[in-house]
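Novice: After the sequence you'll find the predicted model.
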Amino acid sequence: MKIKNICCIGAGYVGGPTMAVIALKCKDILVNVVDINLERINAWNNKDLTMLPIYEPGLDQIIKKCRNKNLFFSNDLNTGIKNADMIFISVNTPTKSQGIGAGEASDLRWIELSARQIAENSTGHTIVVEKSTLPVRTAETIKNILESQNKTGKNKGETTFSVLSNPEFLAEGTAINNLINPDRVLIGGDDDVAIDKLGSIYERWINPKKIIKTNLWSSELSKLTANAFLAQRVSSINSISAICESSGANIKEVTKAIGMDSRIGANFLQSGPGFGGSCFKKDILNIIYLCNFYGLNEVADYWSSVLKINRWQQKRISKTIIEKLFNTIAGKKISILGFAYKANTNDTRESPAISIAKDLLNEDALLAIYDPKVSAKQITKDLDSKQLNEKQIFNKNSGWYLSKSINETFNGADAIIILTDWEEFKKLNLKEISNLMRKPAWIFDTRNLIDLEKEDLYGINIWSLGNT
Ligand code: UDX
Ligand code: ADP
């Protein structure tokens, strides 16, 4: 039997783009993306494509082509599940904030709820695919719930399931390209028929040689390991950026020199304000939790240090800014360029901008934030404080506001902090900016976007990460 009907539970950063690409490449398959969050579903169905709930280059055009043809967004979970031959679980799995394993283990309540909803509503044989990033052995939990329901639930004995792990390796900002041209597709499981059915969907546009089949646990652990390795590279280069600043070496030169070694490679060697995003920290915490569970304390310590350097990098940036501005930033206007954790996304989860902005607000600064895609609503949530009104801004009250114009943030500012590597921040007109700022003026470039060799700084002081 060929797969004709797919349901994806969770219309977020993973579920939305992944299902859009499957719908684009498999016109004969009906793809239903369901979510309990009605506001999100309405946004996916909005006629105005600039109002989609997530910003991802190229996504709007695919939505335009496929939506309401073979791609549907709905909050009717039960019907979506009932009609599906294959169900992807793409719900959120944040780190637990309380209880056993708080701060380390993933909160699996949404996974469990999804498994129960599938057990309750599915019919016939259903292939259940884990897409979300999950701790190792989550598939076992899902299997357990599905099987116990089949013994006791309303469709007693009539439903059967195969559980597969098919982790998503897409990176936000390049998700569509990552989905269309992946380095590899990983499918873990022990049911060869189910694996072949999922594999045959990807084979419509991906070379079969790139589709790797493993056991369930290897697949789950591979996803955590890939993210842990990438995060480790970022922490390693960030640790070297600090040595550069102290020793007179130049981080760009060091990065180039080591990146040309084919054993090391040039990717993921860009020093910055620390990694953010929903995966790196969470996945390393999952590995740490797993190590502690198996008594592998030294391994847990090794991975903890990757997170420790990441926190330290963010803190040392806040500290440097305060020190350079004469140890007092109370009442000073500071322009924050970028709030997303990286360019080309509106996602702010674990963004270094959050902790750095909070540090500066604690010192009573006035933050003028500019980000081309992040909303004031999101920043309010992240900083846990409302944005200032016009009168408060005029009076230079401490707090923050989101500016629609990048140039406005420079007006009377004592400092500019570049936090996100958005393309438009690479082309700043320093002459114009210098005229707008209060002197002595500073730029803190945490992404090395300003070329110190080529640019005239027009009297602005600069602190560029990894340089003396
Ligand atoms: C990551 C993985 O890349 C992806 O495979 C997985 O599915 C999800 O997690 P993502 O978090 O979207 O993707 O972005 P990524 O490009 O990996 O960047 C993560 C963070 O590291 C960002 O904050 C980015 O700015 C930072 N980073 C990345 C650096 O500081 N330097 C680099 O050289 C690369
Ligand atoms: P990710 O980056 O992993 O895609 P998101 O938070 O962007 O994470 O998306 C996860 C989505 O899953 C959210 O829109 C959330 O509302 C949805 N979700 C969580 N639990 C359920 C559930 N039980 N049924 C349906 N949707 C769910």
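Specialist: Perfect, I can see it now. Ligands and ions are numbered 1, 2, ... in the order given.

Novice: how long is stretch 206-217 from one end to the other?
Specialist: 24 Å (Cα to Cα, to the nearest Å).

Novice: So what touches that stretch?
Specialist: Stretch 206-217 is contacted by residues 136-137, 139-140, 163-165, 182-190, 195, 199, 202-203, 222 when judged by Cβ atoms under 8 Å, 6 or more residues apart in numbering. For glycine as for every other residue, the C-beta is placed from the backbone atoms N, C-alpha and C.

Novice: And for stretch 55-69?
Specialist: 13, 16-17, 20-21, 23-24, 27, 31, 44-45, 49-50, 52, 71, 73, 172-177, 344-346, 373.

Novice: Of the contacts of stretch 206-217, which belong to helices?
Specialist: 139, 140, 195, 199, 202, 222 (DSSP state H).

Novice: State the distance from the first one to residue 164.
Specialist: Taking Cβ to Cβ, to the nearest Å as the criterion, residue 139 is separated from residue 164 by 8 Å.

Novice: shared neighbours of the two, anything?
Specialist: With contacts defined as Cβ under 8 Å, 6+ apart, the residues shared by residue 139 and residue 164 are 130, 188, 189, 216.

Novice: burial count for the last one?
Specialist: Under the neighbour criterion other Cβ atoms under 10 Å, residue 216 is assigned a count of 21.

Novice: phi, psi of it?
Specialist: phi -60, psi -50 (degrees, to the nearest 10).

Novice: need the contact list for the residue nearest to the spatial centre of the chain.
Specialist: By Cα atoms, centre = their mean, the chain has its centre lying nearest to residue 277, at 3.3 Å. Residues near residue 277 by Cβ under 8 Å, 6+ apart: 172, 341, 342, 347, 349, 350.

Novice: Wait, residue 120 touches residue 149, no?
Specialist: Yes: counting by Cβ atoms under 8 Å, residue 120 does reach residue 149; the two are 6.7 Å apart.

Novice: which SSE is the residue of the stretch 201-350 of the chain found nearest ligand 1 in?
Specialist: Relative to ligand 1, the nearest point of the stretch 201-350 of the chain is residue 277 (2.8 Å; Cβ to the nearest ligand atom). Using DSSP states H and E, residue 277 sits within no helix or strand.

Novice: Could you verify that residue 128 is part of a strand?
Specialist: Yes: judged by DSSP: H, G, I helix; E, B strand; the rest coil, residue 128 forms part of a strand.

Novice: so what's it scoring on pLDDT?
Specialist: As predicted, residue 128 sits at a pLDDT of 96.

Novice: likewise residue 159?
Specialist: Taking residue 159 on its own, its pLDDT is 85.

Novice: Same question for the one 5 residues further on.
Specialist: Predicted confidence (pLDDT) for residue 164: 95.

Novice: which residue packs closest to it, ignoring adjacent ones?
Specialist: residue 189 (4.0 Å; Cβ to Cβ, 6 or more residues apart in numbering).

Novice: Quick one: name the residues of this structure near ligand 1.
Specialist: Contact residues (Cβ under 6 Å from any ligand atom) of the chain with ligand 1: 168-172, 227, 230, 234, 268-270, 272, 275-277, 279-280, 341-342.

Novice: Buried subset of the residues you listed as a PyMOL selection?
Specialist: Taking 16 or more other Cβ atoms under 10 Å as the burial criterion, the selection of buried members of the residues of the chain next to ligand 1 in PyMOL is written as:
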select buried, resi 168+169+170+172+227+230+234+269+270+272+275+276+277+279+280+341+342
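
Novice: in this structure, which segments are predicted with low confidence?
Specialist: Within the chain, the ranges that satisfy pLDDT under 70 run 150-156.

Novice: Residues of it that sit close to ligand 2?
Specialist: Looking at ligand 2, the residues of the chain close enough under Cβ under 6 Å from any ligand atom are 9-15, 34-37, 40, 77, 90-92, 110, 113-114, 132, 278.

Novice: Filter those residues down to the ones in strands?
Specialist: Judged by DSSP state E, the subset of these located in strands is 9, 34.

Novice: List buried residues within the residues of the chain next to ligand 2.
Specialist: 9-15, 34-36, 40, 77, 90-92, 110, 114, 132, 278.

Novice: so which strand or helix has residue 435?
Specialist: Using DSSP H and E, residue 435 falls in helix 430-436.

Novice: following that helix, which helix or strand shows up next?
Specialist: strand 442-445.

Novice: Neighbour-wise, which one of the ones in helices among the contacts of stretch 206-217 leads?
Specialist: For those, neighbours tallied by other Cβ under 10 Å; top is residue 139, 23 neighbours.

Novice: thought that one was touching residue 130?
Specialist: Yes: using Cβ under 8 Å, residue 139 is in contact with residue 130, at 6.0 Å.

Novice: all helices in the stretch 351-468 of the chain, in order from the N-terminus.
Specialist: Along the stretch 351-468 of the chain, counting by DSSP state H, counting those that start in this stretch, helices occupy 352-362, 376-383, 390-394, 406-410, 430-436.

Novice: Let me know which of these is tucked in deepest.
Specialist: Each of the helices of the stretch 351-468 of the chain was scored by mean neighbour count; the highest is helix 352-362, a mean of 21, by mean count of other Cβ atoms under 10 Å.

Novice: which outside residues touch it?
Specialist: By Cβ under 8 Å, 6+ apart, helix 352-362 touches 272-276, 311, 313-315, 317-318, 321-322, 329, 334, 336, 338-341, 348, 367, 369, 382-383, 385, 398-400, 417, 419-420, 446.

Novice: Same check on stretch 26-34?
Specialist: 3-11, 15-16, 19, 22-23, 41, 44, 66, 69-77, 80-81, 83-84, 201, 204.

Novice: Could you do stretch 106-113 as well?
Specialist: 10, 89, 91-97, 132, 134-135, 138, 141-142, 145, 282, 285-286.

Novice: out of those residues, which are inside helices?
Specialist: 138, 141, 142, 145, 282, 285, 286.

Novice: Is the second one in contact with residue 115, as I believe?
Specialist: Yes: A contact is recorded between residue 141 and residue 115 when judged using Cβ under 8 Å, the distance being 7.2 Å.
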